[in-house]
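S.K.: Predicted coordinates and the sequence they were generated for:
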Amino acid sequence: MRDLFDLIYFCAMVAIGYFVGTQVEKKHYQEIIAREADTMKLPAVTGQDYLEDNAQITEARMVYGSVVISTDYFRLIVAGLRNLLGGEVSAYETLLDRGRREAVLRMKENAIGADIILNMRIESCQISQMGTVEVFAYGTAVYYKK
Amino acid sequence: MQKGGVMILTNIDSIPGKRILEHYGLVAGSTVRAKNAFVDLGASLKNIVGGELRSYTQLLEESRAQAVSRMIQQGEQLGANAILNVRFSTSNIAQGASELYVYGTAVKVE
Amino acid sequence: MKFIPKEIRENVNVSKVPAGREFLRLIAEILGAILIVYLALGFALDYIAPRISTDMEAAIGRIFSAKFADNKYPKTEEQVQGILNELLKRSSLPKFDYAAHITPSKEINALAFPAGNIIVYSALLKEVKSRNELAMVLAHELGHFAHRDHLRGLGRGFVLLVLSSVTLGTDSTVSKFIGNILSGAEMKFSQAQEKAADTYALGLLYKTYNNAAGAADFYQKMAAKEKIPRIFYFFATHPYIKDRIELINGIIKEKGYAVGFLTPIDFPELAKDK
């Protein structure tokens, strides 16, 4: 009897993960795309030599954005199965794509009014075994004289 | 320097000998790969004697190649023909799965 | 440097396969792999079982020996072993240390395990009323040894056991672990193997005692308890019990075996255990 309950619980978790999780992901992506459109004017580059010619810099400071993001139960199971056979884990790909874009957006939102973010770096690491990841983006925001 | 199709990649600020016209901001490519449970057994045995784990080397090489090609695809969408200041990052994001991503700044050179 | 903001329309960093389809595909692949391994083990078993030498079987038998270590009914075991030894004198079986082990259980059954171990459940002994009857039961198990049925009876797990014994040795924890699982698993002989064992048993019984009395007694007792009609036995692992009685009586008649007296037997140790 106990096993039956465990099985029902498991199936319920997977189902909730699938339906609700897919919705959460979709909404997040819509949000991300909207915010990316807003912050498109602020470039984040990975080097130093991207300053505008003849620009005078008033301020330069480090900015960063971070997010801890988790995947839903369904995708966790899929990733576990994928682990047996090897290959691309599509479930985590969306997770990290969202995480990365979110972290970069937060970094940009912390630097409103800046003209460019130089020497940006992105780090990510595992927080828990259940598909939780932290993504951290940092760079130097440079403000030109207006 | 690495030539990937028509796209030039560097991890320095410029391409020596070419002039940068404009830049388009950040582009990135990533993959998440899981290792095979059976390959893992072989690797555990190899762990006893030490030395290169060839299956994993190959796995990560493939991942890296795929991540780079995705980044190049993004760059092409923006109309860039070079990507500068490329950086790689490998991280363990869940047991048995590691993420590999590469990011850089897409530019147009002549 | 001039900055031109542009929008990245297509997201290249995610695969186009929706999670649901990926899941179904993975399930299908894994089930396929399991099926292939299952079939491969089946073929391997058919190949390996006849090729196991008695030495290898003796080595593998050591893995199971721990299971037989505890001796709850020493006097009963002596009684049973005594009859077994009488049968062994007149048989030409593979060379093992044939030993009878009595295990407490409510199930009426006896099993043949590798390297000459015969497990007899206490409930079976409680049913037995004569030495002849018991001798027939033991001779039946010896028949399985004569035909090496027990090797295939352990099933696909046996392939894994042989592989692990050959590569890692019989003392390794892996081998012991597999052995533990197998000793709990049900031994399955085919109907043909059961009938062949019955035939062998009758022959050995008569060679030892010159007396075919009591040969079918045990099965007749079981037949009285049997409620399942014959038709369901098509898929069963053992033959329809009345057929077995007919087979035995048929051979007795055909070979003109003398049917003498029954020698009663009882097990006082077991009687204490009600």
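M.R.: Yes, it's here.
S.K.: okay, CA-based contacts and neighbour counts for the rest of this
M.R.: Fine.
S.K.: Skipping adjacent residues, who's closest to residue C:148 in space?
M.R.: Closest residue to residue C:148 apart from its sequence neighbours, by C-alpha to C-alpha, 6 or more residues apart in numbering or on different chains: residue C:50 at 7.5 Å.
S.K.: The one you found belongs to a strand?
M.R.: No - using DSSP: H, G, I helix; E, B strand; the rest coil, the secondary structure at residue C:50 is helix, not a strand.
S.K.: measure it to residue C:152 for me?
M.R.: 8 Å (C-alpha to C-alpha, to the nearest Å).
S.K.: picking up where we left off before, tell me, how many residues neighbour the residue nearest to residue C:148?
M.R.: 13 (other C-alpha atoms under 10 Å in any protein chain shown).
S.K.: Ok, residue A:117 next?
M.R.: Neighbour number of residue A:117 under other C-alpha under 10 Å is 29.
S.K.: That one: what's it in contact with?
M.R.: By C-alpha atoms under 8 Å, 6 or more residues apart in numbering or on different chains, the contact list for residue A:117 reads A:42-45, A:108, A:139-142.
S.K.: what stretches of chain B score poorly on pLDDT?
M.R.: B:1-5 (pLDDT under 70).
S.K.: Touching, residue B:14 and residue B:83? I think so.
M.R.: No - contact criterion C-alpha atoms under 8 Å: residue B:14 and residue B:83 do not qualify, at 9.3 Å.
S.K.: near chain C, from the contacts of residue A:117?
M.R.: residue A:43 (C-alpha under 8 Å from any C-alpha of the partner chain).
S.K.: okay, the contacts of residue A:117 in TSV with pLDDT and secondary structure next?
M.R.: Formatted as TSV, the contacts of residue A:117 follow (pLDDT from 0 to 100; DSSP: H, G, I helix; E, B strand; the rest coil):
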residue	pLDDT	secondary structure
A:42	91	coil
A:43	90	coil
A:44	91	strand
A:45	91	coil
A:108	94	helix
A:139	94	strand
A:140	94	strand
A:141	94	strand
A:142	92	strand
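S.K.: Could you identify which of the contacts of residue A:117 has the most neighbours?
M.R.: residue A:44 leads the contacts of residue A:117 on contacts (other C-alpha under 10 Å) with 29 neighbours.
S.K.: Run a quick check on that one versus residue B:24, I expect a contact.
M.R.: No - in this structure, residue A:44 is not within contact of residue B:24 by C-alpha under 8 Å, at 9.2 Å.
S.K.: excluding its backbone neighbours, what's nearest the residue of the stretch 51-200 of chain C with the smallest separation from chain A?
M.R.: For the stretch 51-200 of chain C, the residue closest to chain A is residue C:160, as judged by C-alpha to the nearest C-alpha, at 20.5 Å. In this structure, residue C:160 finds its nearest non-sequential neighbour in residue C:178, 7.5 Å apart by C-alpha to C-alpha, 6+ apart.
S.K.: hmm, back to that, from chain B, how far out is the residue of the stretch 51-200 of chain C closest to chain A?
M.R.: 17 Å (C-alpha to the nearest C-alpha, to the nearest Å).
S.K.: secondary structure element for that residue?
M.R.: helix C:157-168 (DSSP states H and E).
S.K.: Remind me what that helix packs against, helices and strands.
M.R.: helix C:19-48, helix C:173-184 (3 or more C-alpha pairs under 8 Å, 6 or more residues apart in numbering or on different chains; DSSP states H and E).
S.K.: Mind giving me the packing neighbours of the last one?
M.R.: Counting contacts by 3+ C-alpha pairs under 8 Å, 6+ apart, helix C:173-184 packs against helix C:54-65, helix C:157-168.
S.K.: what's next to it, contact-wise?
M.R.: Under C-alpha under 8 Å, 6+ apart, the answer for helix C:173-184 is C:63-64, C:67, C:154, C:157-158, C:160-161, C:164-165, C:168-170.
S.K.: With respect to pLDDT, which of these ranks lowest?
M.R.: Least confident entry in those, by pLDDT: residue C:67, with 70.
S.K.: wait, what's in contact with that one?
M.R.: Counting by C-alpha under 8 Å, 6+ apart, residue C:67 has contacts residue C:183.
S.K.: Show the subsequent helix or strand relative to whichever strand or helix holds residue C:224.
M.R.: Take DSSP H and E as the rule and residue C:224 turns out to sit in helix C:217-225. With elements assigned by DSSP H and E, the helix or strand that comes after helix C:217-225 is helix C:241-255.
S.K.: Could I get the CA-only coordinates of the next helix or strand along the chain from that next one as PDB?
M.R.: Helices and strands here follow DSSP H and E; after helix C:241-255, the next one along the chain is helix C:268-272. Output of helix C:268-272 as PDB, limited to C-alpha atoms (Å, rounded to 0.1, in the frame of the first residue of the first chain):
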ATOM      1  CA  PRO C 268      10.300 -36.000  16.300                       C
ATOM      2  CA  GLU C 269      12.300 -32.700  16.000                       C
ATOM      3  CA  LEU C 270       9.700 -31.300  13.600                       C
ATOM      4  CA  ALA C 271       6.800 -32.500  15.700                       C
ATOM      5  CA  LYS C 272       8.000 -30.100  18.500                       C
END
